[in-house]
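**Q** Sequence and computational prediction follow.
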Amino acid sequence: MILVNEEFKKYAEQKGVTVKLTEPAVSTGSVKVGASIDQNELKIDKDLPFL
């Protein structure tokens, strides 16, 4: 099970960003971790683990 790091989640919410989780997927030559954010403009100015 994938969980968003609580500190990152709070940081994202303060910036108005939603973190979306989906099932991870492994295929030949790639791995999708199953997490994304809904905003391309988010600038992370802290050293925070995402998952």
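**A** Thanks, I have it.

**Q** contacting residues around residue 20?
**A** 35, 36, 37, 38 (CB atoms under 8 Å, 6 or more residues apart in numbering). Any C-beta I mention is one placed from the backbone N, CA and C, and that applies to glycine too.

**Q** Show me those that map onto strands.
**A** The strands, defined by DSSP state E, take in 35, 36, 37 from these.

**Q** Now do stretch 6-18: everything it contacts.
**A** Residues outside stretch 6-18 that contact it (CB under 8 Å, 6+ apart) are 19, 37, 38, 39, 42, 44, 46, 48, 49, 50.

**Q** Okay, buried residues for that stretch please.
**A** 8, 9, 11, 12, 17 (16 or more other CB atoms under 10 Å).

**Q** re the thing from before, emit the ChimeraX select command for whichever of the contacts of residue 20 are buried.
**A** With 16+ other CB under 10 Å as the criterion, this ChimeraX line picks the buried residues out of the contacts of residue 20:
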select :35,37
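
**Q** that older thread, I'd like to know which of the buried residues of stretch 6-18 is nearest to residue 31.
**A** residue 8 (19.7 Å; CB to CB).
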